[in-house]
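Asks: Sequence first, then the predicted structure:
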There are 2 protein chains.
Amino acid sequence: MRIGELAAAVGVTTRTVRHYHHLGLLPEPERLANGYRTYTLRHAVVLARIRRLTELGLGLTEVRDVLADDAGKDLTEVLTELDEDLARQEAAIRERRQRLRALLDAGELPAEGPFSPELAGLLATLSVEDSPMAAKDREILALVDTGASPRERERLLSALRGALEDPDMVARTREAYALLDALADASPDDPRVKQAARTLADCVPAGVLTGGRLPDHDGFLRALYADFGPAQAEVIRRTLLILEER
Amino acid sequence: MRIGELAAAVGVTTRTVRHYHHLGLLPEPERLANGYRTYTLRHAVVLARIRRLTELGLGLTEVRDVLADDAGKDLTEVLTELDEDLARQEAAIRERRQRLRALLDAGELPAEGPFSPELAGLLATLSVEDSPMAAKDREILALVDTGASPRERERLLSALRGALEDPDMVARTREAYALLDALADASPDDPRVKQAARTLADCVPAGVLTGGRLPDHDGFLRALYADFGPAQAEVIRRTLLILEER
DNA sequence: GCTTGACCCTGCCGTGACGTCTACGTCTGT
DNA sequence: ACAGACGTAGACGTCACGGCAGGGTCAAGC
């Protein structure tokens, strides 16, 4: 039997057979004078065994181990392990599909990219048309949410949830956006800065600042400031000072 | 913000950030005099977007397309496609887990490697201790089963099922094994060959031969014959002749 | 005898999303 | 001055093959 016939009989490609030879999974058969491999039924049987194992999802190195253990000694063990692995994969896929469906069912996909569905709901409550500041805030919240650990995320989200249940809080937040937008091109010693900082401090729920990675890195904070106008940056600085006092 | 800070803020490694630069997914930022990259908040926002997309399971080239389309134009399309893909993967995993559980629940795993569960059941009926011929037959059936298309497999299995429901048939098969075993070292013109061929022909259910890949390849048949003793091979040859006449 | 086409051979590059390592320069604190 | 933590660029490894290059071999038909 030549390689093509062997491959056809077991339902693989010749490339696969040679690959198994290369890995030492399938012993090299005799060669004819012209160099062609000539296989026996034994080879076909082994190849079929390998196939059955790989089709169950075993990796080739695991197949090698199973074949090496002459009595299929710990095959049960390997298969059990594999089943657990597959269970994990299945769960992961299901979770991703859930998130996907949540996004698709929501209908509208924001240009900032798909948020986590929970955050998306919360941000929808906050949305303000034509406010650069509101847009930036959403970006930053999405950013912190993306980089947070599950624990941190939960703290962040619950803090936001709590705050947004209060209509006054939502109103104050919109006011803060408006005040900050007005300061886009102002100088840092603009008289409106003080009031803006007070208003802003009143909309930041406790737990948001300690929840994200914001305070951890000097560089991140500097980049954050650099992204605002000078007066806006000054507002943020003062807001942080106010919040630290509490 | 330097690369380590950016990476920490979004929750990836610096290697990942550089990888995205390499692929053009994330624009290269300015460099300091020493060559260090200095990132702005914009970069962090884009990086977080990329992360959210990859965490949904998008490949980086798909992420590239989504980011390129300035309005996230066909993001919905990509996500729908992805969902279908994930659905397929999920189904595949479930099927494999089913087969795995069937094997594990069966308790005993044959050294010949795990058969498809249906075939395993059928072969258990046929099992004979200490008969090399029976063992060989099981190997060959497993082999044909492994290499068969789903249509062929169904035909093979149903033919076997039908045959094994008849206790007479099972008895005849065992007799055929015994006759063949007795001929292991005999010569092709042994007088017992004729009777063995008649007995064997009566146990091969119609549909088995046309179902597998056996008749397709010269080489496979030659290898098959080569695996038997001369008298045994002669029995097979005669059996095939008898079956052809029917 | 020559070509055509179907096989076979070896060996190397590509896949995806990075991890890991080499080999080096740079900044910071003591 | 030196250690240790950062940064730079680039190459190789992962997994199970697919695909291709650049050949050789064999049967059949002209």
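Replies: Cool, the structure landed. Residues are numbered from 1 along each chain as shown, chains lettered A, B, ... in the order given.
Asks: And for the nearest residue in space to residue A:185 that is not next to it in sequence, the neighbour number?
Replies: Excluding the flanking residues, the one nearest residue A:185 by CB to CB, 6 or more residues apart in numbering or on different chains is residue A:229, at 6.1 Å. For every residue, glycine as well, the C-beta is placed using N, CA and C. Residue A:229 has 16 neighbouring residues, counting by other CB atoms under 10 Å in any protein chain shown.
Asks: is it true that residue A:229 touches residue A:183?
Replies: Yes. If you go by CB atoms under 8 Å, residue A:229 and residue A:183 touch, sitting 6.6 Å apart.
Asks: Enumerate every residue touching the residue nearest to residue A:185.
Replies: Residue A:229 is in contact with A:183, A:184, A:185, A:186, counting by CB atoms under 8 Å, 6 or more residues apart in numbering or on different chains.
Asks: Can you spell out the domain ranges of chain A, please?
Replies: A:3-82, A:109-245 (automatic domain parsing).
Asks: weakest of the ones you listed by average pLDDT?
Replies: Looking at these, the lowest mean pLDDT belongs to domain A:109-245 (a mean of 85).
Asks: Is DNA strand C within reach of it?
Replies: No. Contact between domain A:109-245 and DNA strand C is absent, the nearest approach being 10.3 Å (criterion: CB under 7 Å from any atom of the strand).
Asks: just how off-centre is that domain within its chain?
Replies: In terms of CA atoms, centre = their mean, to the nearest Å, the centre of domain A:109-245 is set 23 Å apart from its chain centre.
Asks: That domain and DNA strand D in contact?
Replies: No. Domain A:109-245 does not reach DNA strand D (CB under 7 Å from any atom of the strand); its nearest approach is 8.3 Å.
Asks: returning to what we had before: which one of the contacts of residue A:229 is nearest residue B:146?
Replies: Closest approach between the contacts of residue A:229 and residue B:146, by CB to CB: residue A:184, at 70.4 Å.
Asks: Next, count neighbours for that closest one.
Replies: What residue A:184 shows, counting by other CB under 10 Å, is a neighbour count of 13.
Asks: Likewise for the one 5 residues further on?
Replies: Using other CB under 10 Å, residue A:189 has 9 other residues around it.
Asks: so is it in a helix, a strand, or just coil?
Replies: Using DSSP: H, G, I helix; E, B strand; the rest coil, the structure places residue A:189 in coil.
Asks: got the contacts of residue A:229 as CSV, with secondary structure and distance to residue A:120 columns?
Replies: Below are the contacts of residue A:229 laid out as CSV (DSSP: H, G, I helix; E, B strand; the rest coil; distance: CB to CB, whole Å):
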residue, secondary structure, distance to residue A:120
A:183, coil, 28
A:184, coil, 27
A:185, coil, 31
A:186, coil, 32
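Asks: from those residues, which would you call buried?
Replies: Buried members of the contacts of residue A:229, scored by 16 or more other CB atoms under 10 Å in any protein chain shown, are A:183, A:186.
Asks: where do the helices sit along chain A?
Replies: A:3-10, A:14-23, A:41-55, A:60-68, A:75-105, A:117-126, A:132-147, A:150-164, A:167-182, A:192-203, A:208-211, A:218-226, A:230-245 (DSSP state H).
Asks: Which of these sits closest to residue B:119?
Replies: In terms of CB to CB, the element of these nearest to residue B:119 is helix A:41-55, at 10.3 Å.
Asks: got the CA coordinates for the closest one in CSV?
Replies: The C-alpha trace of helix A:41-55 is given here as CSV (Å, rounded to 0.1, in the frame of the first residue of the first chain):
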residue,chain,number,x,y,z
LEU,A,41,-2.3,-3.1,7.4
ARG,A,42,-0.5,-2.6,10.8
HIS,A,43,0.3,1.0,9.8
ALA,A,44,-3.3,1.6,8.8
VAL,A,45,-4.5,0.3,12.1
VAL,A,46,-2.1,2.6,14.0
LEU,A,47,-3.0,5.5,11.8
ALA,A,48,-6.7,5.0,12.5
ARG,A,49,-6.1,4.9,16.2
ILE,A,50,-4.2,8.1,16.0
ARG,A,51,-7.1,9.6,14.1
ARG,A,52,-9.7,8.5,16.6
LEU,A,53,-7.7,10.1,19.4
THR,A,54,-7.1,13.4,17.6
GLU,A,55,-10.7,13.6,16.6
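Asks: Tell me how far residue A:66 lies from DNA strand D.
Replies: According to CB to the nearest atom of the strand, to the nearest Å, residue A:66 and DNA strand D sit 12 Å apart.
Asks: can you pull the contacts of that residue?
Replies: Listed by CB under 8 Å, 6+ apart, the contact set of residue A:66 reads A:53, A:58, A:72, A:74, A:75, A:78.
Asks: quick one, what contacts the residue lying closest to the first one once chain neighbours are set aside?
Replies: Going back to what we said before, that points to residue A:53. Leaving out its chain neighbours, the residue that sits closest to residue A:53 by CB to CB, 6+ apart is residue A:63, at 4.7 Å. Residues in contact with residue A:63, defined by CB under 8 Å, 6+ apart, are A:25, A:50, A:53, A:54.
Asks: just residue A:117 next, same as before
Replies: Counting by CB under 8 Å, 6+ apart, residue A:117 touches A:99, A:102, A:103, A:106.
Asks: Those also near chain B: which ones?
Replies: When these are filtered against chain B using CB under 8 Å from any CB of the partner chain, the residues retained are A:99, A:103.
Asks: Which of the contacts of residue A:117 ranks first by neighbour count?
Replies: residue A:103 (22 neighbours).
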